[in-house]
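> predicted model and sequence below, questions to follow.
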Amino acid sequence: MRKLSLLVSVVMVVVMAAGLMPVKANAELTFSPDFDIYSEAAFLVNLDTGEVIYEKNADKQLVPASLTKIMTAVILLEKYENDIAALSTTYVSGTSACFDELYLTGASTADIRIGEKVSYKDLLYALMLRSACEAANIIAYNVAGSLEGFVEMMNVKAEELGCNDTHFTNSHGLFWEDHYTTARDMAKIIEYAMSLPMFTEISCSESYTMEATSFHKDPRVIHHTNYMMSKVNGGDYYYEYVKGIKTGTLDEAGRCLATLAYKDGYSYMLITLNAPQKDSNGNNVFYNFIDHKNIYEWAFANFEYTTLLTSTEEKAEVPVAYGDGVDYVIVKPDEEFARIWNTRIPVSSIHEIINVEENVVAPVRAGDKLGTIELQYGGETLTVVDLIATTDVERSQRTSLITIAKSFIGSQRFYDAAKYSLGFFVAYTVLIIILKIVVAKSNKKRSKMYGRR
């Protein structure tokens with residue numbers, strides 16, 4: 001390859017097929033599926049790479065309903081993360097204050113009673129699987145000493161996690177004023193929760209057996225409210241690749257859902273908020289389950305981890321001055337770049353913008369940075385990678401001297417030097433002539449003086 005263009009660019013392919021055009025948001029390249037999403041907000045992230053694949057109203061403040069309980073679990077698990085076994089051996093109960101605000105609200109419960117001693121472990125399972133509101137308040141009361149104090153802890157934690165569009169007013173998620181979050185913030189909370197011991201295990205369990213207590217003489221089996229996990233209860237909503245994490249439903253919040261999905265070595269997390277609860281005929285429909293199944297099937301069918309830039313492909317020739325036998329060096333990317341990519345979009349549609357340094361002078365060493373290559377798609381920058389020299393270019397002293405001499409002759413400096421040199425020569429010549437005249441006169445005068453004697 002003797003001559004490569006210094007600026008290489010791939011012509012953008014206009015992708016007309018629905019579902020292929022990117023959506024700009026927060027400097028993230030995301031993609032849009034070719035079907036309707038019923039939920040008001042949605043946020044899909046690949047957990048293997050951290051890349052956001054799809055989002056809809058991801059930063060809109062909405063009511064989270066029982067997704068609130070994820071943060072409640074976080075606060076408790078943080079307290080016991082260094083002694084996780086103590087969750088099974090620590091028994092607590094709730095006073096009437098934990099139950100009063102739930103009275104006549106229709107709140108979901110695990111039938112835990114006032115004064116009933118229950119382990120923190122059982123409370124966590126009741127919280128995440130059965131979505132028990134009294135479990136949330138019992139945890140809050142015993143961890144913080146008051147329901148209000150626990151809410152303050154929740155908000156402090158949200159701020160620490162960078163959830164700037166989130167504010168909690170209770171631990172259970174029933175509708176109260178000034179209680180809101182976003183799909184993006186909820187993803188941050190869940191990702192952090194998954195780093196804590198037992199959270200994923202608890203939240204992804206299809207069922208759990210609670211211990212017998214003085215109020216419940218026999219152990220009780222509770223089931224996850226995410227019916228997508230169950231062949232028996234899920235029906236058409238069942239999706240074998242889905243796990244956990246939390247459902248939430250309120251008139252003011254619609255149907256909310258946070259799940260994980262694993263298939264073919266790929267891991268995803270999806271959060272949706274405010275899906276309708278009924279169809280146009282008033283029939284009860286779980287549109288949140290429909291959204292999750294459709295979005296996951298779209299992601300698994302269309303996205304793969306793809307190399308968009310190799311580190312071996314030669315990208316440009318960079319002119320090099322004073323090279324020994326060569327006047328250019330070839331550059332290539334310093335590293336490869338890969339990401340989750342929609343396989344329906346050809347890699348050739350990615351726009352390459354190459355910038356190389358000017359006035360490069362030998363010597364050049366293989367690996368020297370001589371420019372950059374920027375990958376763009378849909379107006380978004382995917383990455384910027386350094387371009388490096390592939391070979392050494394030694395300096396030619398003879399060439400550099402000739403070049404310097406050639407560049408000097410004819411330059412203003414050359415003319416200035418010639419002018420000054422000529423002036424010096426003329427002045428020197430005049431001075432010599434004057435000295436000779438003076439010496440001659442002096443000698444003549446001496447001769448006359450000696451002759452008189």
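Structure's in. What do you need? Numbering: from 1, shown residues only.

> now do stretch 206-220: distance to the chain's middle.
The chain centre lies 43 Å from the centre of stretch 206-220; the measure is Cα atoms, centre = their mean, to the nearest Å.

> for stretch 112-122, same thing?
The answer for stretch 112-122 is 40 Å, by Cα atoms, centre = their mean.

> list the buried residues for it?
Of the residues in stretch 112-122, 112, 116, 118-122 count as buried by neighbour count, 16 or more other Cβ atoms under 10 Å. All C-beta spots, glycine's among them, are computed from the backbone N, C-alpha and C.

> which two among those residues are spaced furthest apart?
Maximum pairwise distance among the buried residues of stretch 112-122 (Cβ to Cβ): 14.8 Å, between Glu116 and Lys121.

> quick one on the thing from earlier: from the buried residues of stretch 112-122, which land in strands?
Judged by DSSP state E, those include 118-119 as members of strands.

> tell me the one of the buried residues of stretch 112-122 nearest Gly162?
In terms of Cβ to Cβ, no member of these lies closer to Gly162 than Tyr120, at 27.4 Å.

> does the closest one touch Ile139 like I think?
Yes: with contact defined as Cβ atoms under 8 Å, Tyr120 reaches Ile139; the gap is 7.2 Å.

> any residues in contact with both of these two?
Between them, Tyr120 and Ile139 share these contacting residues under Cβ atoms under 8 Å, 6 or more residues apart in numbering: 76, 92.

> so which bits of stretch 31-49 are buried?
Those would be 31-33, 37-46, for stretch 31-49 by 16+ other Cβ under 10 Å.

> what of stretch 362-381?
For stretch 362-381, the neighbour count (16+ other Cβ under 10 Å) marks 362, 364, 368, 370-373, 375-378 as buried.

> picking up where we left off before, go through the buried residues of stretch 31-49 and say which is closest to Ile84.
Val45 (26.3 Å).

> who does the host helix or strand of that closest one pair up with?
Assigned by DSSP states H and E, Val45 falls within strand 41-46. Pairing partners of strand 41-46, with direction, according to DSSP bridges: strand 52-56 (antiparallel), strand 266-275 (antiparallel).

> in a markdown table: those, plus mean neighbour count.
Listed next are these as a markdown table, based on neighbours: other Cβ atoms under 10 Å:
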| stretch | mean neighbour count |
| --- | --- |
| strand 52-56 | 22 |
| strand 266-275 | 25 |
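
> pull the longest helix from the protein.
Criterion DSSP state H: the longest helix present in the chain is helix 412-452.

> quick one on the thing from earlier: farthest-separated two in the buried residues of stretch 362-381?
Ala362 and Gly378 (40.3 Å).

> what ranges does the chain have for its helices?
68-79, 86-89, 97-100, 120-128, 133-144, 147-160, 183-193, 199-203, 231-234, 287-302, 397-408, 412-452.

> give the contact list for Leu257.
For Leu257, the contacting residues are 226, 246-248, 270-272, 275, 288-289, 291-292, by Cβ under 8 Å, 6+ apart.

> His172: which of those is nearest?
Distances from His172 to the contacts of Leu257, taken by Cβ to Cβ, are shortest for Gly248, at 10.2 Å.

> any idea of the pLDDT on the closest residue to that closest one other than its chain neighbours?
Closest residue to Gly248 apart from its sequence neighbours, by Cβ to Cβ, 6 or more residues apart in numbering: Ala65 at 3.1 Å. In this model, Ala65 is scored at 98, pLDDT.

> return the residues in contact with Ala65.
Ala65 neighbours (Cβ under 8 Å, 6+ apart): 173, 175, 248-250, 253, 256.

> whichever of those end up buried, select them in PyMOL.
Buried members of these, defined by 16+ other Cβ under 10 Å, are picked up in PyMOL with:
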select buried, resi 173+248+249+250+253+256
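
> widest-spaced pair of the contacts of Ala65?
Spatially, the most separated pair among the contacts of Ala65 is Phe175 and Cys256, at 12.1 Å (Cβ to Cβ).

> returning to that earlier point: let me know the closest of the contacts of Ala65 to Cys204.
Comparing these against Cys204 with Cβ to Cβ places Gly248 closest, at 16.4 Å.

> so that closest one bridges to which residues?
Cys256.

> and it, how far from Met210?
From Gly248 over to Met210 the distance is 21 Å, taken as Cβ to Cβ, to the nearest Å.

> possible to save the helices of the chain as TSV with mean pLDDT?
Formatted as TSV, the helices of the chain follow (pLDDT from 0 to 100):
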stretch	mean pLDDT
helix 68-79	98
helix 86-89	98
helix 97-100	96
helix 120-128	98
helix 133-144	98
helix 147-160	98
helix 183-193	98
helix 199-203	98
helix 231-234	88
helix 287-302	98
helix 397-408	59
helix 412-452	73
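
> mind putting these into JSON lines with distance to Ile53?
Output for these, formatted as JSON lines (distance: least, Cβ to Cβ, whole Å):
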{"stretch": "helix 68-79", "distance to Ile53": "21"}
{"stretch": "helix 86-89", "distance to Ile53": "34"}
{"stretch": "helix 97-100", "distance to Ile53": "40"}
{"stretch": "helix 120-128", "distance to Ile53": "25"}
{"stretch": "helix 133-144", "distance to Ile53": "31"}
{"stretch": "helix 147-160", "distance to Ile53": "24"}
{"stretch": "helix 183-193", "distance to Ile53": "12"}
{"stretch": "helix 199-203", "distance to Ile53": "21"}
{"stretch": "helix 231-234", "distance to Ile53": "24"}
{"stretch": "helix 287-302", "distance to Ile53": "6"}
{"stretch": "helix 397-408", "distance to Ile53": "54"}
{"stretch": "helix 412-452", "distance to Ile53": "61"}
